Every structure is written in C-alpha cells, then in structure tokens.
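In: what shape does this take:
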Amino acid sequence: MSSANPSDREHQVYAPGFSFRLSPLQASILGTNLGCHVESGAVVKNTIIRLTKYSIRPISGKKIILAVDIDILDTFGDIGKIGIPVNVDPDPTAPGQGTSGADQQQHITNPYQQQFHQQQQQQQQQQLVSPSGGPVFPISSLNPYQNRWTIMARVTQKSDIKTWVKPGATQGRLFSMTLMDESGEIKATAFSQQVDDFYNTIEEGKVYFISNAKVDMAKKQFSNVKNDYELILQRDTQINPAPENSHVPEMRYNFVSLSSLAEVNEKETVDVVAIIKDIGEVSNNISQKTNRPVVKRDLTLVDNTGYTTRLTLWGNQAESFAVSGSNPVIAFKGVSVSNYGGKSLNAFGGSTFKLNPEITEAFKLRSWFDQQGQSTNFQSHTSEYSSSKAAPRMTFDEFKDASANLDPMQQLYFETKGTVVMMSKTENTFYYPACPTPNCNKKVTEDSNGWRCEKCNLTHPEPEYRYIMGVNIADHTGHNWLQAFNDAGNIIVGRPAVELVMNQQEIKPTFDRATFKSYIFRCRAKQETYGDEAKTRFTIVAATPVSWVDESKHILKELQSYGV
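Out: The predicted structure follows:
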C-alpha cells in the first residue's frame, strides 16, 4: 500500500516483500513469509517488534534490514519519534555493522527498545560475510529477480547420480540436493558438467556458501521440498565450504502424528517420528510404471497416539537400511502419503531419515514405548472404502436399485462379491498411454519428439501404459459392466498393462485366464450427465481376492440375521 502523506511513507509496503521503517532514516523489509502480520493488522504504525532473525544488505549506498522472523512486542498509539534517530553510514570494512552501541545507547528510553537494541548488537556481531565479501542472504529471500546473492546452507539430502534419455539418443546426468538454513529449505539440481564439478565435493550434512545459481520456479511434481523456487547449478556457480554455524540447523521437522494421517490428502508429503515396530525383508518387484525391477522394504511404525502405519523404503535406502538395537526411534522428512489400502507412507528419492535423533519428540517416544508402548494394541488407518467404513455389502440388484435414486453428481460406495465373466480386450481399448511423471497419470500424445503431456508441459521418450477397461461382473442376482482403472486392472489381469502392449499375442490368453475368478469389489456409483441424458457410471475402486474364511463368517452372520 502507499500513501500521499509523507509520514505514512515511513511505513510503506511494497512487493515482493513488506517494507517498513524503524525511523525516518533506517529502512527495513519484512520477508514475504511475514506479510500476514501486516495484512492481519498485527503490524501497523507504531508497533514495537523484535528482530529475532534478519540480515543486513547494502543497497544504493544504504543498509537495508531484511527481517526473516520477528516477535511482536506491543502496539501503541501515536507516540511520536523514539529517541534521536541517526543515519547509518556504510562501513566497507565491516559489512552488515550498524552504528556503535555507545552512540545509540544514550537515546534509549523504552525498556522494549533497550531489549531490542541489546539483541540487535549480539546478532550483528554474528553477521556472516560470504567469500566475496558481500552479505549472506537467507534462503527464504531468494526469488528469480535477484542476480547477486550468496546463501549459507546445510546439505540435508543428496541424491545419487541419475541418467536421463531424450528422443534422438540424447543422454544426460543429474543429481539433486536439499539445502537448508534457519529461514527455510530449497532444492538444487546439477546437470551434465556440473555433476562432475560438484558431486564428489559436496558432502551430506556439511555447510556451504553457494552463489551464482539460477533461481527457477519449482517443479513440484519432482520435488517434496516446501519452496516455490528451486536452484539450477550453472557453469559459474560457486560452492565453497563454510564454517560450522549454530544458526544453520541440521534438520528442521514439522512432525505429524500417525493418528492424524487420516486428515492428510493423498500424495502430500509429511514429516513423521515413530518407533520401528517391525522391519520387513528386502523384496524384488517389477515396477508397474516402468516394467523394471525395483527393490523395496516395508517398515511398521507406531507412535504414542496408538496408531500404526506401513512405511516403504525403495532402492538404495531399502537395501542399505540397518539398525542396531530393538525398536529404535526414527524420524523421516518428506515422505509421501498413500491411500491405497488405507493410509501408508512412501520414502522416495528426496526423503531422508535419522535413527534415534537427539530431539525432544524422540526422547518422549522412547520413554513412552519402554514404559507402556510395547503392550499397546495399535489401530491402523483402514481404506476409505473398506468394509469397516460406510461401504455396505450389496448384491447387483440392490445397488442398481439404490443407485437409481441418486441425485446429479451424488456418489454411492458399496462392496460386492462378484465373478469376472468378461473384459474388454479389443486392441487399444483396455489401456492408455499415460504421463510417467509421478502423481500425474494424464494421457499423453505422441509427436515427432516423443510423448507429450499437456498438464506437465513435458515430453517423455516413452509413456507409462495404464489400464482403463470395462469389466463385466456377475453375482447370483445379475451382472453389470463396471470401469476399472490401473490399480484394479493389475489385480484382475495379474500383470501390468505394458507387458500386454509389448506382446499383443499375449492379450487373449491372459484375459482368458483372468475370467471366472471371484473378488471382493469395492465400487462407486455416480450419476453423470451426457448431453441431456443422465446415466449412472459404476467404477471399481479396489479389488481384493476372496478370503474364504472371512466370506464364510459373513455368510454365517447373514444366516443368523434370518434366524437360521
């Protein structure tokens, strides 16, 4: 906001940060993460604040304070000028230093101001200078419109070197890392020559000065780092070791409890700290997306909320995972939430973990588990569509009648035991080429450069083939056509779609073997309008092989309800 009143200009707000003035002579900028204080009215004219985290930058011969974090102490009316403000002259021999304490101390009359002044002096003494002699910027202040900056950050995660191939046999390499300072975190990626320049010189856990990298918009589909921007290392990027500093945290967590996973959306990333209840064996599988071998290992986690969940490690993390002692505490950062078969977690390339971390949450868990956790009966998050939820068992006649009265766009979930009697297996009608980008799955179209996804605005050398097929299912009351997508299709057909696409002669015998098998189907009925006609679409949400023990119990319960 701006004002024509000269006195108001001392408290202007402008993009990309919020600007205010400590006095008519000293300008400061509130970082964008603090703009909510201005918008909510918590910071107004004559508000007294304490700068708890900040940096000082020389701009046009003046020194500007960038506030990274503040404490709001009090708000007063029009109290006028405090003390006798003086100009802060630039001192090239001591970047980031203000006027002497002696000069300013004589004007301090307010106890809040004195407390602020003392802390300001302590923090200014700790101001760091980059190897080039300029100030060190916080990660939270980086944006694509800055040209000259240096950050001091800890490498909290470094990936393996990965290869990529584009149409035309163009190949390349890359690696990425997560950088963190006291203000936030950001992902940095190196390609080709920069892989050779930096990979072997960067150690996970060490602190570095980094400058001259490109600040770009973050590609969220490839990152679980909470930042709208990311860094691309370039030819003139400088990375130099920095001294170990207490202001650069080893790791920053935002933990959620296992019980609260029910409130987290699928594919979101979270941090968790828990006890390892059980460690599964390493297993080798074939990826349904790439048709390549993958290695995984499941961990069973529990915490003091009384819940348990499964967390899956993949690749090198799965193979190298080892613990000493029984039931250690483990802290994960950046794991993905899955909703398949209930809430579970996946640790992908950008996820990191630490065993028995020396943090308060870990100490509390250790004490709880040793005293009472070992004898606790834990709950698990069942699937949204499981029979323990509001998904009643129905026959085909029953759910046809129930779905006939649905309102437009209303949905009905139900469970049924049925047998596959027919599947659509005409060429090109049971699958589609999908975007291989994680969590996308949109259909791609082939052009001269490869397979293009309009949603991601990317071209891939090969698509991921996914099921989308009609399945005719019958029970003792009738039959109906339902639509099955990739997860259900893999269960029903018994092999990934890519295998049938690449071996067309296998389609008929594979589908023949898949028919006349029974499953417990969890389904959704939804009223949709096509043109002017309303139709009910039935979709298979999940398919589970029949457990005849459970099915026998269900039949006995049904008989008892009839008094038999």
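
In: how many neighbours does residue 281 have?
Out: Neighbour count for residue 281, taken as other Cβ atoms under 10 Å: 7. Where you see a C-beta, it was placed from the backbone N, CA and C, and this is true even at glycine.

In: my read is it is in a strand, agree?
Out: No - Residue 281: not assigned to a strand; according to DSSP: H, G, I helix; E, B strand; the rest coil it is coil.

In: quick check: pLDDT value at the spatially closest residue to residue 148 that is not a sequence neighbour.
Out: Excluding the flanking residues, the one nearest residue 148 by Cβ to Cβ, 6 or more residues apart in numbering is residue 134, at 7.2 Å. For residue 134, the pLDDT comes out at 72.

In: check residue 352 too.
Out: Residue 352 carries a pLDDT value of 87.

In: and residue 447, by the same measure?
Out: If you check residue 447, the pLDDT there is 86.

In: OK, contacts around residue 193?
Out: Residues counted as contacts of residue 193 (Cβ atoms under 8 Å, 6 or more residues apart in numbering) are residue 235.

In: number of nearby residues for residue 230?
Out: Counted with other Cβ under 10 Å, the neighbours of residue 230 add up to 24.

In: against residue 502, how distant is it?
Out: Between residue 230 and residue 502 the computed distance is 35 Å (Cβ to Cβ, to the nearest Å).

In: please apply the same query to residue 518.
Out: Remark: distance between residue 518 and residue 502 (Cβ to Cβ) = 29 Å.

In: ok, these two, which is more surrounded?
Out: Neighbour totals were compared for residue 518 and residue 502, and residue 518 leads with 16 against 10 (other Cβ under 10 Å).

In: identify the bridge partners of residue 473.
Out: Taking DSSP bridges as the rule, residue 473 bridges to residue 420, residue 480.

In: from what I see, it and residue 399 are in contact.
Out: No - Residue 473 is beyond contact range of residue 399, at 11.2 Å (criterion: Cβ atoms under 8 Å).

In: okay, now the unreliable bits of the stretch 251-400 of the chain?
Out: Flagging of the stretch 251-400 of the chain using pLDDT under 70 yields the residue ranges 286-292, 340-342, 382-391.

In: how about the nearest residue to residue 283 once chain neighbours are set aside: which residues does it bridge to?
Out: Leaving out its chain neighbours, the residue that sits closest to residue 283 by Cβ to Cβ, 6+ apart is residue 296, at 5.8 Å. For residue 296, the beta-bridge partners under DSSP bridges are residue 283, residue 314.

In: okay, now the residue nearest to residue 148: neighbour count?
Out: 16.

In: separation between it and residue 209?
Out: Applying Cβ to Cβ, the value for residue 134 to residue 209 is 10 Å.

In: what touches both of these two?
Out: Common contacts of residue 134 and residue 209, defined by Cβ under 8 Å, 6+ apart, comprise residue 150.

In: give me the contact list for the helix or strand hosting residue 364.
Out: Residue 364 belongs to helix 360-371 when assigned by DSSP states H and E. With contacts defined as Cβ under 8 Å, 6+ apart, helix 360-371 is touched by 253, 255, 273-275, 302-304, 327, 329, 331, 356, 373.

In: what comes up buried for that helix?
Out: Neighbour-count burial for helix 360-371, with 16 or more other Cβ atoms under 10 Å as criterion, is recorded at 361, 362, 365, 366, 369.

In: each with direction, which strands does the next helix-or-strand element following it pair with?
Out: Toward the C-terminal end, the helix or strand that comes next after helix 360-371 (DSSP H and E) is strand 379-380. Strand pairing for strand 379-380, using DSSP bridges, gives strand 307-314 (parallel).

In: mind exporting the helix or strand just after the strand it pairs with as PDB, just the C-alpha atoms?
Out: For strand 307-314, the following helix or strand on the C-terminal side (DSSP H and E) is helix 315-320. C-alpha atoms of helix 315-320 as PDB (Å, rounded to 0.1, in the frame of the first residue of the first chain):
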ATOM      1  CA  GLY A 315      16.000 -48.700  -3.900                       C
ATOM      2  CA  ASN A 316      19.300 -48.000  -2.100                       C
ATOM      3  CA  GLN A 317      17.500 -46.900   1.100                       C
ATOM      4  CA  ALA A 318      15.800 -50.300   1.200                       C
ATOM      5  CA  GLU A 319      18.900 -52.300   0.600                       C
ATOM      6  CA  SER A 320      21.200 -50.400   2.900                       C
END
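
In: what packs against helix 315-320?
Out: Applying 3 or more Cβ pairs under 8 Å, 6 or more residues apart in numbering; DSSP states H and E, one finds that helix 315-320 contacts strand 293-302.

In: buried ones in the strand it packs on?
Out: So, applying 16+ other Cβ under 10 Å, buried residues of strand 293-302: 296, 297, 298, 299, 300, 301, 302.

In: OK, contacts around the last one?
Out: By that I understand residue 302. 258, 274, 275, 277, 308, 369, 373, 376, 378.

In: from residue 306, how far out is the residue lying closest to the fifth one once chain neighbours are set aside?
Out: Read that as residue 308. Distances taken as Cβ to Cβ, 6+ apart place residue 378 nearest to residue 308, at 3.9 Å, with adjacent residues excluded. With distances taken as Cβ to Cβ, residue 378 is found 6 Å from residue 306.

In: check residue 476 too.
Out: 41 Å.

In: more neighbours: those two, which one.
Out: Shown here are residue 476 and residue 306; by other Cβ under 10 Å, residue 306 has more neighbours (14 against 10).

In: could you measure from that one over to residue 380?
Out: Distance from residue 306 to residue 380, counting by Cβ to Cβ: 10 Å.

In: with residue 69 instead?
Out: Residue 69 sits 39 Å away from residue 380, going by Cβ to Cβ.

In: enumerate every residue touching residue 271.
Out: Contacts of residue 271 (Cβ under 8 Å, 6+ apart): 253, 254, 255, 256, 331, 332, 333, 334, 335.

In: so the residue nearest to residue 148 touches residue 147, yeah?
Out: No - in this structure residue 134 lies outside contact range of residue 147 using Cβ under 8 Å: 12.0 Å.

In: got the contact list for residue 174?
Out: By Cβ under 8 Å, 6+ apart, the residues touching residue 174 are 161, 162, 164, 189, 190, 191, 192, 195.

In: typo on my end, it should be residue 334
Out: 178, 224, 225, 269, 270, 271, 350, 351, 352.

In: picking that back up, quick one: the residue nearest to residue 308 from residue 344, how far?
Out: Using Cβ to Cβ, residue 378 is found at 14 Å from residue 344.

In: so which of these two has more stuff around it?
Out: Higher neighbour count among residue 378 and residue 344: residue 344, with 20 against 16, using other Cβ under 10 Å.

In: I'd say the more buried one and residue 309 touch.
Out: Yes - Residue 344 is in contact with residue 309 according to Cβ under 8 Å; the separation is 5.8 Å.

In: who touches both of those two?
Out: Common neighbours of residue 344 and residue 309 are listed as residue 381 (criterion: Cβ under 8 Å, 6+ apart).

In: residue 433 reaches residue 451, doesn't it?
Out: Yes - taking contacts as Cβ under 8 Å, residue 433 lies within contact range of residue 451: 6.3 Å.

In: who touches both of the two?
Out: The contact sets of residue 433 and residue 451 overlap at 444, 463 (Cβ under 8 Å, 6+ apart).

In: any low-confidence regions in the stretch 1-150 of the chain?
Out: For the stretch 1-150 of the chain, applying pLDDT under 70 flags the ranges 1-33, 35, 57-62, 74-130, 132-133.

In: same thing but 80
Out: 1-47, 53-64, 66-68, 71-134 (pLDDT under 80).

In: other SSEs contacting the helix or strand in which residue 415 is found?
Out: Using DSSP H and E, residue 415 maps to strand 411-423. Under the contact criterion of 3+ Cβ pairs under 8 Å, 6+ apart, strand 411-423 touches helix 396-403, strand 469-475, helix 486-493, helix 507-514, strand 518-530.

In: turn those into JSON lines, columns for distance to residue 444.
Out: As requested, the helices and strands packed on strand 411-423 are exported to JSON lines (distance: least, Cβ to Cβ, whole Å):
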{"stretch": "helix 396-403", "distance to residue 444": "33"}
{"stretch": "strand 469-475", "distance to residue 444": "18"}
{"stretch": "helix 486-493", "distance to residue 444": "15"}
{"stretch": "helix 507-514", "distance to residue 444": "22"}
{"stretch": "strand 518-530", "distance to residue 444": "25"}
